Each structure stands twice: as structure tokens, then as C-alpha cells.
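> A predicted structure for the sequence below; I have some questions about it.
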Amino acid sequence: MSLFDFADGREGYYGDYGGTFLPEILATTVEELRLCFRGCKEDPTFWAEFVELMRTYSGRPTPVSYLENLSNKLGGARIYVKREDLNHTGSHKINNVMGQGLICKRLGKKRVIAETGAGQHGFATATMAARFGFDCKIYMGAVDVARQRPNVFWMENLGAEVMAVQDGQRTLKDAINECLRDWVTNMADTHYVLGTACGPHPFPEMVSFFQAIIGKEARQQIIQEAGKLPDRVFACVGGGSNAIGIFQGFMDDNVELIGVEAGGHGPGSGLHAARLAYDDASVGVAQGFKTYFLQNNDGNMLETHSIAAGLDYIGINPILSDLWEKDRVRFEAATDEMVRDTLKLVMRTEGLIPALESTHAFALAVAEAPKMGKDEVILINQSGRGDKDIFTVADTIEDDHWKEFIKNKAVEYGA
Amino acid sequence: MSLFDFADGREGYYGDYGGTFLPEILATTVEELRLCFRGCKEDPTFWAEFVELMRTYSGRPTPVSYLENLSNKLGGARIYVKREDLNHTGSHKINNVMGQGLICKRLGKKRVIAETGAGQHGFATATMAARFGFDCKIYMGAVDVARQRPNVFWMENLGAEVMAVQDGQRTLKDAINECLRDWVTNMADTHYVLGTACGPHPFPEMVSFFQAIIGKEARQQIIQEAGKLPDRVFACVGGGSNAIGIFQGFMDDNVELIGVEAGGHGPGSGLHAARLAYDDASVGVAQGFKTYFLQNNDGNMLETHSIAAGLDYIGINPILSDLWEKDRVRFEAATDEMVRDTLKLVMRTEGLIPALESTHAFALAVAEAPKMGKDEVILINQSGRGDKDIFTVADTIEDDHWKEFIKNKAVEYGA
Amino acid sequence: MVLEQYLRERLQQKDLLLMTHVVCGYPSFEDNWRELEIMAEFGVDMVELQFPFSEPSADGPLFVKANQEAVSSGVRPTDCFEFMRKVCDHFPFKVLMMGYYNTAFKMGHDSFIQQLSAAGGCGYILPDLPVEEAGELHQLSKTKELAPIVLMTPTNTDARLNVLGAAAEGFIYAVARKGVTGGQTEMGDDLKTFLGRCKQYTNLPVAVGFGVSQKADLDFLRGKADIAIIGTAALKAWKMGGEDSLRVFFSDLLS
Amino acid sequence: MVLEQYLRERLQQKDLLLMTHVVCGYPSFEDNWRELEIMAEFGVDMVELQFPFSEPSADGPLFVKANQEAVSSGVRPTDCFEFMRKVCDHFPFKVLMMGYYNTAFKMGHDSFIQQLSAAGGCGYILPDLPVEEAGELHQLSKTKELAPIVLMTPTNTDARLNVLGAAAEGFIYAVARKGVTGGQTEMGDDLKTFLGRCKQYTNLPVAVGFGVSQKADLDFLRGKADIAIIGTAALKAWKMGGEDSLRVFFSDLLS
Ligand SMILES: Cc1ncc(COP(=O)(O)O)c(C=O)c1O
Ligand SMILES: Cc1ncc(COP(=O)(O)O)c(C=O)c1O
């Protein structure tokens, strides 16, 4: 099953979803990008160059770890984890970003811009820009700047300019709008490094192409480690890049693929970011593409919520929308509370600290594993590490020592 | 050249340094440990088990990255970096810790204790304990607990008990004393996971044995990446475990090995932790072994200082003391200021964020590279990543946004 | 086509027509009305009524803010159509719907065309709907004689301008420069060349927007284009001092 | 050997000798002196003078604090030797140096033995100096008739006790339990068995330390050991109420 053959002639469409909905001013730039990407995709030396870069700079291949303790504790399926957290900068975002760095070099451009929510993609982009010698500007909603200061700190120290976006909800979607505004102004020398498999064609395809490295590795590894293909693969879905990345490794296999969205406060609460798992989303066109969006009846976007900033997005990978409708990918949601509990469990049982985003995938695996047979195999994509989430985790578990520490620091800083 | 043949019959001695200076009550425990370790070392399946564990759990082998930008900028030697920062938990400490976890399992013990200064070793040990299912208690000087709260936070969440040591200077050496006190009380069921290549025999040998994985990998990799052996290898030296780890790969080669200590405020300042690079240390016996210590004429230990908590220690790996006297390893120191400047340079030029400890090694490499030929090769051991140092780095570069963020957080927390 | 015909007639009398812009419901529909009265006073030929959208990614700061405030004060597309009906009934100028595609998509193409036509609009500008994606909507428009306005931009290749020209109806919206609404545009040789290129690929009247804000701009455009589009500049004037300052703005502009 | 002979003579008169402990310079040398006067009053047979060290890793909290405060108030080994000289000149009991090996190592073995002997000490206890590492120091001690005190512990194997017994002089310091100084020790069958094992490997008098703190402990030890070592318990009493409470402590202990 090839996701990208566009046999129906509608390039950039996955069933009804995808497409390119951008101001005309960007048509030439996007076409140039599309052609450059096509060239890269067809050139086998390009993939080799990408793999080599990721090997020497980011530590790929990332391993697959067997979670024996957790498996035994749950008493069902054997649980394995693909360790994207071990990448340089701490998440799968670097795969896409380094790939687009190579594209940007081929395009002969010298400046990159990117949106970021949690800050992981901004951090990765700033890193890539330092490594490639590009100028870099990161757009980040002012709310996110305030709550993700550690990532902002590193981005700035890596030489990027971080712009706090004051419009709209002042979160990820608004940062994307700002990026589009920058891009329509500076497209001549600027490449927009979109951070997930969303946005106008060719972004979903391009991001999926680079993230496919996860699934390619994982398929080989799980066969080696577990002796068989997994029965179920779990990945969290924000924009949907890590999920499509690992899913691509198992597209043609008899493997159940499960995307886990941010359930926030649960169904009906209005405080979540579940586009497909809950009933609140509908098809729309925004930010350059057509997919399921959390929007009202007038097509205006709704506020979203998740404990994990990286899942807190209105739209979803159009490829996943299509695969969901075709019943190839099952969608579930994990609530904030499930995520909190699962994080504690995983830390204590296995010594892993998954990012809050990734913990969504763990949460569903933990829920389903006990009901599966001991000969069955689960593979979870640990898209990132949780160190970055210390402020959020400390807040949600109400850690008093941490609060004391911060208060003392504040006094040191003259508060 | 084998460091551990003890051909002179003085097992545990490296020239004049090393030995076992412990209360008699521990004699049996240490002998049991020594024998267990001997058994493991002689058993080739043990090493294979260790390598496999590190491959699947920690992402080894860690890569060697070529720093083309930095090399070009400095205009001399070609600079390569061994990426221990990409390990699970973010530093080389995990190599030693997982190895000792296997040892502890063989010993049939169910509880581990460890000292920690920066918190990296404690974090790694807490992780190992979670993974192996051991009870875990981490001793940490109260001063370090206060300044390294993020690591404490994760240790606790990984299920470890963290004990703030209130004695002495309330830093690393005092935490070691507390560990020894715990050990003499609970040796029956407890293994002491010493964090660096110091302390009584067999710890220096054992820690070196596990950390040798760095050098073994690095030798192969640098030949592959650079086409030749390195001319110089730089590693920072706190207790001296990452340094001996990488150096062992090049012991028999015509490769200059440089250990970089914490120069703090510089020679003569009294505020540093340079045992061999400066003139302030002398030979002594403390914390279980004989080596160079920063001590006064009466044999009482001096206060030490470094911008990098992990280098802030009174003693040094006895193997390195010996190799220094034998002119096999050159010792240098990097001051706090050099480290600050080098960190900024490396972040912006290459997108790497070395730990402050590791940045010491970078600092000397950066100082020497321009004077070397373009055909020469430098290999730096990046022992860890710098995310953990955000509070320290933000403090030293006086980042106002960061301070603002912390102050706001404090208000949120009811300050 | 109704719209093209209207414009050609007006162009018999004036060498440069004027199109202005209003964000529906911002600051309020009452304010909109008073702005429109002034625009009518000064003989404006066409008005775009922008339907507020939560993600106005092609707009500059001022319109972004306008969109957001209108959305959060509860302005809905039905309100906008209702307002359009009143405007069309009362004023002499022609009215276009301007907005983002999702507004039309979400209500359904049929419904959109129906309501727009019922409200008296004579076309629509959806800057994030490229011609490739616009097939069905353009088709439907024909049934109601609505003009789908196509944008030409300085970055377009000749081949692309050809495609755009073929799809266009009513008039061409020529984007004077890269960027979003509300910035400065240099009226110079580049723009002249670009407008020349546009004319090669269309016989429709050409309107120039993005950064047109003063008399000198109109002087520059005269002879090179058919319509000047005043967007942000008018809203700025309104925000600065309401009716008085909007009147001053227009009298300066047209002096 | 001087020390062994002294002990044997005293054991002719008493069935259980007493060794006490003082950390030099803590709280002050004056306080030490007053403590020693009381100890002498109660007929203590031997005293360990602990030389403060910055890393007292075998000591419990009370002695750790004592070591650290003495070091930071500037107490140096030369001060301790000087004090020892005065103590030996004035009091009837025998005096041993107690401390960590680095103190001796740093001043040099020769100098250490010389000064200890000159100060009137008759031996030394260095708990972190295992017998394997003690060769040179033990050798030198012989020239001055100083007794290097060897510790036996409940975790030692028989083979190890044999080695320790062979290296010992003066008396054996039997460690009553695992752990550091200052904890509670259960005086029971385990200890009895352990002391029996010690006696198998030495003919020297056996002193029992770590957790000996009250009359009942002495009663238990009588007949099973030759010397009781009072460490932390006495310091605790002193800290609680100075001379008075130390007197009460000893009179209770020896009642
Ligand atoms: C660690 C991590 N996982 C997952 C995501 C969600 O993105 P995506 O669905 O594109 O993988 C993010 C986004 O920031 C992230 O940081
Ligand atoms: C990242 C890192 N590097 C180096 C060190 C110094 O230890 P060693 O000299 O044993 O490698 C530490 C100690 O905490 C560390 O955390």
C-alpha cells in the first residue's frame, strides 16, 4: 500500500484530505519546494545522505527496548518501545527538521522559520539552523512562550530569534498563522520548516517521508527483538508526524495501528484536542489544507486543551484522516488523568520518562495490554523524553519541594 | 598496555595510587564484590549481556559527530565528538550504573545506594534501580539538593529516596561519606553504586571496565569517520570515569590523551577543583583510596569549586594519577569563564549543548585546535548533555527572561 | 457578467475606480455602516465585506485583530449576509464577499452561493482558495452570475498567470507586493512591470491592492491599472478618529 | 609490649576495664580536660583521643559533627599531640591516638610515630587502615613500642579473623555490630558468638566498642570481654549537662 502514489491524479490528496490552500503569492515557492522534494525523493543518494546525517548527528538508529517489568505487571501482551526520546534534542522532531535542513540547502535558501507549540520543534529547528548555518526565527504563541520557557531559553542560546505571537489564542495554531505571514513576505530566501505532517502539500508527504525512518527501523528491530511483527502499534497524534512515521513501517502488514489523541478532560468537556477519537471535529480547510478540525458550525476554530502542549492542535494529518476513514488506523484518546497515572507507572517500573505527548500512547497500551494474550506484541512509539515537561509535571503532581525550589530561586533573582 | 594486570602483585594499585582503605567491617563485602566482578570480567557472556543491555536500553553505540563548522572556524585540526550525551538519562554515567546493576543482580542484592553531586549519577542510578526493581536511596549534599532540584525531582519520581546530607560542605564528598556509613550498616542486602572511577578497589577498575565501552566504540568510529586515529583526545575529569572510559580505547596508540579539570576561578584562586593541572593537590588517603587530593598540610580536605557540579570533587581516579606521573596523560584545566564562552560557541556553531562538565573538554580542544594542522584530528568526549544545567547556565549568563519566568512561576506557587 | 459590465461602465466615467474594505462587525456593524456611508459619499465603486475568520493567515496585524475581535464578539456568517443585504439595498456601490475559504466550505458551496446571491453580493474573494481547488465553486457561481475574483501576484510565473487569467471573472485582483495586508508598498518600476505582465494574461479590469494608501499611489496607478483597493489605510483612519478622520483620509486621497 | 602488659596488670584487679573516647578540641580542649578529669575520677583505664578529620566516614552523626567543628575551629594534629602530652603527664590512664589514616599518612609515618611516642601515647586506632596497608606503620611502631590496634568485626570470616589476630598488638578492638559509631547495639547471643570467635584467633585482651552505653551492657560483657569501650554515650552525657551529667552517667554505668 503506497500512501503517496496519487494514482487518482490528485497529487497531495489522501482520499478527501490534504491539498494546498494557500495565498497565490506562495504558489511559486510551494511549487519550487514540491519539485525539489520530488527530486530528493527520487534520488537514492539523498535518502542515504539523510540516514548518514541522522546516524552521526542524532544517534540513529534509535533502539527498541523491551519493557519486561511493565509487561509482567500488566500480565498480557509483551510491550516494546521505539526510543525516539534518545534522539539529539530529545524527540522525533529532529528527523523531520534535519531532512528539511537538507532540502533548504538544496533550495539554496539561507533562512528558516518555524512554528512551535511545546517548543520541541522550535528547539530542533534552532539546532538544525545552528548546524547548517541558517538564520532562524521561531514563532511561538505567547502563552506557550510563557509556559515553555526552558525550550525558549535553549532556542535563543542556539542563536534563534524567538517571536512570541500575541494573536488569537496565542498558541500553536496562531504561531502557524504567523509563519505563513512571514513566509508570504520572505519566501525568496526563507524556507518554512513545518513541524508536523499537516499544512499544504507537499508538507504532509515530506514530513512523512522523513519520519518514515522511524517505521523502517522499527519494523526490522521489532522482528529481531520480539521475534515477530507487533500485533498493535501505538503512537500519540498531535499533528500526526510521529504516528505516520512509525505506522509507515507496518502499512502492508497485518498489524493494528492505533493513534492516540489528547483526551484532555474527556469527551463532552470541550477541553481536549481529540479530532477523530471524539465526535467534536468536522472537515474543514485551514492553515493550508483540508482535514478534520475542531471547529464550530461557522468554520471558526475552537479552543483546544491538553496536558501535553505538543498535542494541543486543532487539525490533524490528512493522511491519518483518510486512513481512519478507511479503517486502517484506529483512533483513541487518553485523558490528562490517564496520562498522569501512566507517566508515574512507567517511570517507576522501567526507568523511562516519556514526554507527556508520548505518554498518551503508553496510556492506551497500558489499558489494552492486559486484555491481550501473552504471545501478542505491542509496540509503542516513545516520541520524546519528558525532561522538558518538568514544570508541567511538577505542577500536575503538586510537588512541594519543586515549588519551594522555584520560590527560593525567585528570591535569589530579586523577587 | 594493560592497566589492570597488576603484574607487581599489588592488585588494585596503579603505581602508588589506589588500594582499599575501608573500615574492617566492609572487608567481606568488598571481597565478595571483588570476586563477583572478577567472575564477570572473565566471563565473555557478561560483557555481551552488558553491551546488549546498553544497546537496547540506552541507545548504544553512541555516534561520533564531525564538527565541520567549528573545525573550519578555528582553522586547525578536524574536530570530532563522541556523543555520550545521547545516552538514556543524558550522560555516560548510565554505562557504569547499568553495569553495576548487573553486578548487583549477580550478588543477589535488592537495594542500591549512591552518592551524587550534579545529580546525573543519582538520576542514572534511580533509573537503573527502577529498571532492575531495586530499592534505591540516593545521598546528595544538601547544597547540591538545593541547586540541582530538577534531578532530585526526577530521582524521586523514579522511585528513589533522596537524602539531603547536612554534614561537612554538604556536597559530593560528604555524600560519599554518607554512602559509606549506609554501606557499613546495610551491606548484607545493599550494593553501593559508586559513580566514578574513585573509591576503594575494585571500584576504579570496575567503573573503568564499564566505561571502556566508550573507548572501544570510539576507536572504531573515529577511524571510520576521520580515516585515521585521533592525534589528541580530550575528556573532562571530575572523578575521572568518562576520561578513563574513552582513553582506554587509545592506550596502545600514538595518541595524546588530555584530561581537563575544573579550573574554576583559575590557578592560585583557591576556588577550583584541579588536582593535577594546578599545584595545589598532594597525595593522600581518603574515601577509601589513595590518590591526589585537594587537602591542606594536615590532610584535611579543602573546599573546591567549579561551575560544573560534576567536576567539583577533591580526589581523582588513581589510574589517572598514575598515568599522569608516567606522562601518558596530559592534564590541563579550563576556567569557569572559558567554559561559559565555549558553551556559547558550541551551541551556536554546531547545535550541540554539552553539559558544563563536558564543556571543559571542548574548551581545551577549542584552545588547541587552531595551533594544530588541518590533517590532524581531535576527538572530544561529550560526556553529557547540558539541558540539566539550565539553572546554572541561565544564572551565569544572567538571562533576564528566565529570571522573569521563574519569578512568575513563584507567584503562581503562592510566593 | 454583471460585475465586469458594471466596472466597464464606471470606467467610462473615471480613469481609476476605488474598492474599499470593511471587516464585518468590527468594531461593530454600526461602525461599519457609518464607514460605508462615508465611502459612498466619496464615490467608492466597490466594497469588500470581510467575513471574520479565526485563522486569518493572509492578513496583517490590523485585520488579524479585527477578525479575531469580530469572531469573539460573536459575529457569524449569517450576520454578515444579513448586513450585506442591507448594504446592497441602501448603497450604490457593488459589494463583494471577502474571507477565507473555510467559511464557504463549512456552510457548503451551494448554501454559500445561494446566500451570497440572496444578499445581493456580486462576487467573492477567497485568498486561500487556489484556482485548482475552486472548480466546483466557480461552476456554481455561474448559475448566479457571481464573480469569483482571482488574484495575480508578482511571484507568479507567466505560465501561472496564464492559468489564473483563464479562470478569472469580474476583475483581476493584482497583489502589489509580497507579504500580508497592511504593509508598505513601493510604487515603482517593479510594480509597473508586474502590472504589465498581468495585462498580458487578462482582458479584465485590473485592481491593485496591498499597501495602496495615499493620493500618490493612486496617481501612480492611473493608466497602469483600473481599480485601486484601499484596505488597511481606511481602517487605520477610522480607528484614529472615526468619521472625521475617515473623511479627511478620503478627501486627501481623492484630492 | 607496654600496653598489653598494662592491661593484663589492670585485669588482675578488675574483671572489665574501661576505655573512653574524646574528640580533641571538641567542644574545646578545656572541655576535654574536664571530661578527662571525671573519667580519671571514675577509674577509666584507657582513653582514645580522636584527632579530628574532615572526612570521618566511619563515624556516626555525633562524632561527625564533633570532627567537623573541631577541624573548622582550627584544631590541628600538632595541637592534638601537644594536648596528649599534657594528658599523659597528668593522668594515670593510658592514652591512644584514634583517627583516620590520612592524618598519619600526610605527616609521614616516621613523623607520626615519633610524635605519638613523644606525646606519651601507647598506641593508635586507625579504622580505615586495613592490615594489608598497615605493614610499614606497624613495623615502625615496634621501634617505639607503640601498639597498632586491630579491629575485628562480626562480618569477618574465620580466615580473616586469623589474619587480623596475627597482626594485632596491645588488644583487639571488637566491633559489636555493623554500622557506624553511636547506634544501638543489642547485647545478645550474636555478640556472644562473635566474641567467642574473636577469642579463637587472639590471646590479646578483647575490647568491645560501638553502642556500649549503660550498666547492663557492662554486665553483659563481663566474662565475655576484657574491656568495654564507651564512645558516643559519654559525649552525649557531656553535651546534655556538662560535668554534672557526665558524673551521673559514669556513676550509673559503674553502679
Ligand atoms: C515529544 C512529542 N511527541 C509528539 C508530538 C506531537 O507531534 P506529532 O503528532 O507531529 O508527532 C510532539 C509535538 O511537539 C512532541 O514534542
Ligand atoms: C556529564 C558529566 N560529565 C562528567 C562528569 C564527571 O565525572 P567523571 O570524571 O567521573 O566522568 C559528570 C559527573 O557528574 C557528569 O555529569
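Happy to help now that I have it. Ligands and ions are numbered 1, 2, ... in the order given.
> In the stretch 201-350 of chain A, what residue comes closest to chain C?
Using C-beta to the nearest C-beta, the point where the stretch 201-350 of chain A gets nearest to chain C is A:G299, with a distance of 3.2 Å. Using the backbone N, CA and C atoms, a C-beta is placed for each residue, glycine as well.
> Give me the distance between that residue and chain D.
From A:G299 across to chain D, the span is 70 Å (C-beta to the nearest C-beta, to the nearest Å).
> what's the neighbour count on that residue?
Around A:G299 there are 25 other residues, counting by other C-beta atoms under 10 Å in any protein chain shown.
> ditto for A:Q166
Other residues close to A:Q166 by other C-beta under 10 Å number 15.
> show me what contacts it?
By C-beta atoms under 8 Å, 6 or more residues apart in numbering or on different chains, the residues touching A:Q166 are A:A142.
> which intervals of the stretch 301-415 of chain A have sub-threshold pLDDT?
Counting by pLDDT under 70, the stretch 301-415 of chain A contains no low-confidence range.
> same question, chain A
Looking along chain A with the criterion set at pLDDT under 70, you get A:1.
> tell me the domain ranges of it?
Here the domain parsing of chain A from automatic domain parsing is A:14-55+A:92-203, A:60-90+A:212-396.
> Say whether chain B is contacted by the last one.
Yes: under the criterion of C-beta under 8 Å from any C-beta of the partner chain, chain B is reached by domain A:60-90+A:212-396 at A:62-66, A:69, A:83, A:85-88, A:90, A:225, A:344, A:347-353, A:387-388, A:390-391, A:393-394.
> And that domain, how far out from the chain middle?
Counting by C-alpha atoms, centre = their mean, to the nearest Å, domain A:60-90+A:212-396 is centred 10 Å from the centre of its parent chain.
> Show the end-to-end separation of that domain, please.
Separation of the first and last residues of domain A:60-90+A:212-396 by C-alpha to C-alpha, to the nearest Å is 33 Å.
> Among the residues of domain A:60-90+A:212-396 next to chain B, which lie within strands?
Judged by DSSP state E, the subset of the residues of domain A:60-90+A:212-396 next to chain B located in strands is A:V64, A:S65, A:Y66, A:R83.
> can you list those in CSV and add neighbour count and distance to D:F42?
Formatted as CSV, the entries for these read as follows, by neighbours: other C-beta atoms under 10 Å in any protein chain shown; distance: C-beta to C-beta, whole Å:
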residue, neighbour count, distance to D:F42
A:V64, 24, 71
A:S65, 27, 65
A:Y66, 19, 67
A:R83, 27, 68
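> Of these, which pair is most distant in space?
Set against one another by C-beta to C-beta, these have their most distant pair in A:Y66 and A:R83, with a gap of 11.2 Å.
> now the ones in strands among the residues of domain A:60-90+A:212-396 next to chain B in TSV, with distance to A:M54?
As requested, these are exported to TSV (distance: C-beta to C-beta, whole Å):
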residue	distance to A:M54
A:V64	16
A:S65	19
A:Y66	23
A:R83	14
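> so where do the helices sit in chain C?
C:2-13, C:29-41, C:61-72, C:77-90, C:101-107, C:109-118, C:135-143, C:158-167, C:189-201, C:215-221, C:232-253 (DSSP state H).
> next one: the stretch 251-400 of chain A
A:318-325, A:336-350, A:356-368, A:390-396, A:400-412 (DSSP state H, counting those that start in this stretch).
> Of those, which is nearest chain D?
Scanning the helices of the stretch 251-400 of chain A with C-beta to the nearest C-beta as the criterion, the closest one proves to be helix A:400-412, at 23.0 Å.
> Buried residues of that closest one, list them for me.
By neighbour count on 16 or more other C-beta atoms under 10 Å in any protein chain shown, the buried set for helix A:400-412 is A:W402, A:K403, A:F405, A:I406, A:K407, A:N408, A:K409, A:A410.
> could I get the helices of the stretch 251-400 of chain A as a markdown table with distance to ligand 1?
Written out in a markdown table, the entries for the helices of the stretch 251-400 of chain A read as follows (distance: least, C-beta to the nearest ligand atom, whole Å):
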| stretch | distance to ligand 1 |
| --- | --- |
| helix A:318-325 | 9 |
| helix A:336-350 | 12 |
| helix A:356-368 | 3 |
| helix A:390-396 | 12 |
| helix A:400-412 | 21 |
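> Looking at those, which one is packed in the most?
Most buried of these, by mean neighbour count (mean count of other C-beta atoms under 10 Å in any protein chain shown): helix A:356-368, with a mean of 29.
> Dump that helix to PDB, keeping only the CA atoms.
Coordinates of the C-alpha atoms in helix A:356-368 are reproduced here as PDB (Å, rounded to 0.1, in the frame of the first residue of the first chain):
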ATOM      1  CA  LEU A 356       3.700  13.900  28.100                       C
ATOM      2  CA  GLU A 357       2.800  13.600  24.400                       C
ATOM      3  CA  SER A 358       4.300  10.100  24.200                       C
ATOM      4  CA  THR A 359       2.700   9.100  27.400                       C
ATOM      5  CA  HIS A 360      -0.600   9.300  25.700                       C
ATOM      6  CA  ALA A 361       0.500   6.300  23.500                       C
ATOM      7  CA  PHE A 362       1.700   4.500  26.600                       C
ATOM      8  CA  ALA A 363      -1.600   5.100  28.400                       C
ATOM      9  CA  LEU A 364      -3.600   3.300  25.700                       C
ATOM     10  CA  ALA A 365      -1.100   0.500  25.500                       C
ATOM     11  CA  VAL A 366      -1.300   0.000  29.300                       C
ATOM     12  CA  ALA A 367      -5.100   0.000  29.100                       C
ATOM     13  CA  GLU A 368      -5.200  -2.700  26.300                       C
END
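> near chain B at all, stretch A:133-152?
Yes: in terms of C-beta under 8 Å from any C-beta, part of stretch A:133-152 sits within range of chain B, namely A:G133, A:A146, A:R149, A:P150, A:V152.
> check contacts around the last one.
If a contact means C-beta under 8 Å, 6+ apart, then A:V152 has A:G119, A:G122, A:M140, A:V145, A:V162, B:H401 as its contacts.
> Keep only those of the residues you listed that are in helices.
Members of those lying in helices (criterion: DSSP H): A:G122, A:V145, B:H401.
> Run a quick neighbour tally on the nearest residue to the first one once chain neighbours are set aside.
For A:G122, the nearest residue in space outside its immediate sequence neighbours is A:T116; the separation is 3.1 Å by C-beta to C-beta, 6 or more residues apart in numbering or on different chains. Burial of A:T116, expressed as a neighbour count using other C-beta under 10 Å, amounts to 32.
> Could I get the buried residue list for stretch A:158-169?
Within stretch A:158-169, the residues that qualify as buried by neighbour count (16+ other C-beta under 10 Å) are A:L158, A:G159, A:A160, A:V162, A:M163, A:A164, A:V165, A:D167, A:G168, A:Q169.
> how about the nearest residue to C:D110, chain neighbours excluded?
The nearest residue in space to C:D110 (C-beta to C-beta, 6+ apart) is C:L140, at 6.6 Å.
> Look up how far A:T349 lies from the one you found.
If you measure C:L140 against A:T349 using C-beta to C-beta, to the nearest Å, the figure is 59 Å.
> repeat for C:V163
59 Å.
> What of C:F105?
Counting by C-beta to C-beta, the gap between C:F105 and A:T349 amounts to 47 Å.
> Near C:Q5, how many residues? Count them for me, please.
By the measure other C-beta under 10 Å, the count of residues near C:Q5 is 10.
> next one: A:L379
Other residues within reach of A:L379 by the criterion other C-beta under 10 Å amount to 30.
> What's the local residue count around residue 241?
Because you didn't say which chain, this covers chain A. Neighbour tally, A:S241, other C-beta under 10 Å: 29.
> other chain: chain C
Close neighbours of C:G241, defined as other C-beta under 10 Å, add up to 12.
> what's the closest non-adjacent residue to it?
The shortest distance from C:G241 to any residue that is not its chain neighbour, by C-beta to C-beta, 6+ apart, is 7.9 Å, and that residue is C:V248.
> Since that was my last question, I'll sign off now.
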